[in-house]
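Undergrad: what's the 3D shape of this:
(chains A, B, C and D)
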Protein chains: 2
Amino acid sequence: MYERKIPLNLNCGLDLIGEVLYGKWKMRLLWFIEQGNKRPSELQRKIPDASRRVLNMQLKELEGHELITKKIYPVVPPKVEYSLTDFGKTLIPVIGAIGEWGDMNAERLQKVITRDAR
Amino acid sequence: MYERKIPLNLNCGLDLIGEVLYGKWKMRLLWFIEQGNKRPSELQRKIPDASRRVLNMQLKELEGHELITKKIYPVVPPKVEYSLTDFGKTLIPVIGAIGEWGDMNAERLQKVITRDAR
DNA sequence: ACAATAGGGGAAATATTTATCCCTATGCAA
DNA sequence: TTGCATAGGGATAAATATTTCCCCTATTGT
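TA: Coordinates of the predicted model:
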């Protein structure tokens, strides 16, 4: 995959959750899966700004971290469905809280983010 | 600073909060500032794994996003104190929830993260 | 024969983020 | 007088993340 040069920090809860939740699209993936968008193509439509490749990679990582499971139906054309694990489900309220704060403060955030153009 | 090539996504709450909270150390910075560690050197001691440079940069971004304020005392040697803004304070419960989930699931997270060595 | 569908992945190029190194300045203590 | 603490920043290198491009699977329909 990729050999890390800088050791992971796994000291506190924030470090740990960061390891499984960093990745530009991971929270959205979990969120949309929870909402019933189980198939890869659905997820890709929900998140059109992400490249297909990266969604696959992040899905695989989420699976490796036991937050989702992948079910492959042996049919043609292929059919795949992702679901949250029980573990993954416990993360939904947290993601909900995060998104809610963002929504509640959307205007102000828009302003401060676009101000310094970055 | 840095000229972005890929446009920002600012569609939903998750995008927005991501813009202000991504950055390896930002959540910890906010957290520690809230705990009363106001001076840069204190923060650096609290987060020894981060390079000094990056902490400064991320602090500056947090300031630009109106989550913290910076007070410079005109003394020598220099003294600087950061504080959360009212806006920043509203983020603390969210960060708390995130860290708490990480702490609660620390063992399991340790396991799944280190398993695939990355 | 060929396109369309649905899912996936290797390799290389880009983008972005962090780290490293070196330099500024002042006052105090050993 | 050297060293340390305090705060900060430029330049550059390295690490990591994401995107782009192209290819592969197998079947069904035209």
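Undergrad: from here on, contacts and neighbour counts on C-alpha atoms
TA: Will do.
Undergrad: What's the separation between the nearest residue to residue A:62 once chain neighbours are set aside and DNA strand D?
TA: Computed as Cα to Cα, 6 or more residues apart in numbering or on different chains, the closest residue to residue A:62 that is not its neighbour in sequence is residue A:68, at 6.0 Å. Between residue A:68 and DNA strand D the computed distance is 17 Å (Cα to the nearest atom of the strand, to the nearest Å).
Undergrad: burial measure for residue A:89, as a count.
TA: Residues within reach of residue A:89, counting by other Cα atoms under 10 Å in any protein chain shown, total 16.
Undergrad: near DNA strand C, which residues of chain A show up?
TA: A:39-42, A:53, A:56-57, A:60, A:76-81 (Cα under 7 Å from any atom of the strand).
Undergrad: top of those by neighbour count?
TA: residue A:40 (19 neighbours).
Undergrad: contacting residues around the most centrally placed residue in chain A?
TA: Geometric centre of chain A, nearest residue: residue A:26, 1.4 Å, by Cα atoms, centre = their mean. Contacts of residue A:26 were listed using Cα atoms under 8 Å, 6 or more residues apart in numbering or on different chains, and they are A:58, A:59, A:62.
Undergrad: I'd like the residues of chain A next to DNA strand C laid out as TSV, including secondary structure and pLDDT.
TA: Compiled in TSV, the residues of chain A next to DNA strand C are given as follows (DSSP: H, G, I helix; E, B strand; the rest coil; pLDDT from 0 to 100):
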residue	secondary structure	pLDDT
A:39	coil	95
A:40	helix	95
A:41	helix	93
A:42	helix	94
A:53	helix	94
A:56	helix	95
A:57	helix	95
A:60	helix	95
A:76	coil	79
A:77	coil	83
A:78	coil	88
A:79	strand	93
A:80	strand	95
A:81	strand	95
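Undergrad: Among those residues, which one lies nearest to residue A:108?
TA: Nearest to residue A:108 out of these is residue A:42 (Cα to Cα; 31.1 Å).
Undergrad: Run through the helices of chain A in chain order.
TA: Using DSSP state H, the helices of chain A run over A:13-21, A:26-34, A:40-46, A:52-64, A:86-89, A:92-104, A:106-115.
Undergrad: Tell me which of those sits nearest to DNA strand D.
TA: helix A:52-64 (4.3 Å; Cα to the nearest atom of the strand).
Undergrad: now that closest one and helix B:106-115, what's the angle there?
TA: 130 degrees (axes from the mean of the first three to the mean of the last three Cα atoms, to 10 degrees).
Undergrad: packing partners for helix A:52-64?
TA: helix A:26-34, helix A:40-46, strand A:68-73 (3 or more Cα pairs under 8 Å, 6 or more residues apart in numbering or on different chains; DSSP states H and E).
Undergrad: How many neighbouring residues does residue A:5 have?
TA: By other Cα under 10 Å, the residues close to residue A:5 number 6.
Undergrad: what pLDDT does it get?
TA: Residue A:5 carries a pLDDT value of 81.
Undergrad: ditto for residue A:75
TA: With respect to pLDDT, residue A:75 scores 87.
Undergrad: what do you get for residue A:107?
TA: Per-residue confidence for residue A:107 comes out at a pLDDT of 94.
Undergrad: and it, how many neighbours?
TA: 11.
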